[in-house]
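Q: Here is my input; please provide its structure:
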Amino acid sequence: MIRLISKLLFTFLISGCSILPWSGDDDSEILIFLSADQFNTWDLTAKFSVTSPEGTESGSVRWILGVEEERLDILSPTGAAVARLTVTGDQARLKTDDNEYTAPDAESLFKEALDLQFPVSAMRSWIRGLESPDLPLHSIKKDSEGRITTLVQNGWTVEYSGSLSIASGHYRYEVPRRLSASKDEFEIRWANTEWQISVQ
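A: Below is the predicted model of the structure:
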């Protein structure tokens, strides 16, 4: 199970974010919509399922991205902790009930521990609905409001449905609500359930 769930860590994926007009009922409150590339720390929870030739696994994830540390807690459907990935400036650490692995970065860690090659550094862009600036972009489709609906990057085909408005003070952002990502015989279905963000 840990192998399937670990693959998930690399595919928190995509839908376009745009500046949207806002008119509030309270004229004294000024609410500003900003694109998702303007926040870079968060506390996110999401539900997921992962399908491969080995079967299907499901669960949830809590992803906390701070200024100095990044942490991903992978939980089973019952809420039990399955694995924790912690990333600091010079070390990545993966801990399960049975083992603990360390490496200079997350990409090296998953290659060494699980023999997986996934674009870990792209996750921060993908989860906010942005294409990664560090990977080749093969194709991209957007709707009439500029949101990404389908994206092909680094061999992954990602499709989106729905959007989620999140708030930080007077700021409002739009991020993907649901997505599916597929590559070869591997598919991830992802549903964001809650975001808390701050702007640095």
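Q: Could I get the full set of strands for this structure?
A: Here the chain has its strands, by DSSP state E, at 32-34, 41-52, 55-65, 70-75, 81-87, 92-96, 100-103, 137-142, 148-153, 156-168, 171-183, 186-198.
Q: Select, out of those strands, the one closest to residue 122.
A: strand 148-153 (7.3 Å; C-beta to C-beta). No exception for glycine: its C-beta is placed from N, CA and C like everyone else's.
Q: circling back: which one of the strands of the chain has the lowest average pLDDT?
A: Lowest mean pLDDT within the strands of the chain: strand 32-34, at a mean of 82.
Q: helices or strands next to that strand in the packing?
A: Counting contacts by 3 or more C-beta pairs under 8 Å, 6 or more residues apart in numbering; DSSP states H and E, strand 32-34 packs against strand 171-183.
Q: Output the contacting helices and strands for the strand it packs on.
A: In terms of contacts (3+ C-beta pairs under 8 Å, 6+ apart), strand 171-183 is packed against strand 32-34, strand 156-168, strand 186-198.
Q: Give me the angle between the last one and strand 55-65.
A: For the pair strand 186-198 and strand 55-65, the angle between their directions (axes from the mean of the first three to the mean of the last three C-alpha atoms, to 10 degrees) equals 20 degrees.
Q: Strand 186-198 vs strand 41-52, what angle?
A: Counting by the same axes, to 10 degrees, strand 186-198 lies at 170 degrees to strand 41-52.
Q: which one of the strands of the chain lies closest to residue 113?
A: Nearest to residue 113, of those and by C-beta to C-beta, is strand 100-103 at 4.0 Å.
Q: returning to what we had before: as JSON lines, the strands of the chain with mean neighbour count and distance to residue 129 would be great.
A: Below are these laid out as JSON lines (neighbours: other C-beta atoms under 10 Å; distance: least, C-beta to C-beta, whole Å):
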{"stretch": "strand 32-34", "mean neighbour count": "14", "distance to residue 129": "13"}
{"stretch": "strand 41-52", "mean neighbour count": "18", "distance to residue 129": "13"}
{"stretch": "strand 55-65", "mean neighbour count": "17", "distance to residue 129": "15"}
{"stretch": "strand 70-75", "mean neighbour count": "19", "distance to residue 129": "19"}
{"stretch": "strand 81-87", "mean neighbour count": "18", "distance to residue 129": "21"}
{"stretch": "strand 92-96", "mean neighbour count": "19", "distance to residue 129": "24"}
{"stretch": "strand 100-103", "mean neighbour count": "14", "distance to residue 129": "28"}
{"stretch": "strand 137-142", "mean neighbour count": "12", "distance to residue 129": "11"}
{"stretch": "strand 148-153", "mean neighbour count": "20", "distance to residue 129": "6"}
{"stretch": "strand 156-168", "mean neighbour count": "17", "distance to residue 129": "7"}
{"stretch": "strand 171-183", "mean neighbour count": "20", "distance to residue 129": "5"}
{"stretch": "strand 186-198", "mean neighbour count": "17", "distance to residue 129": "10"}
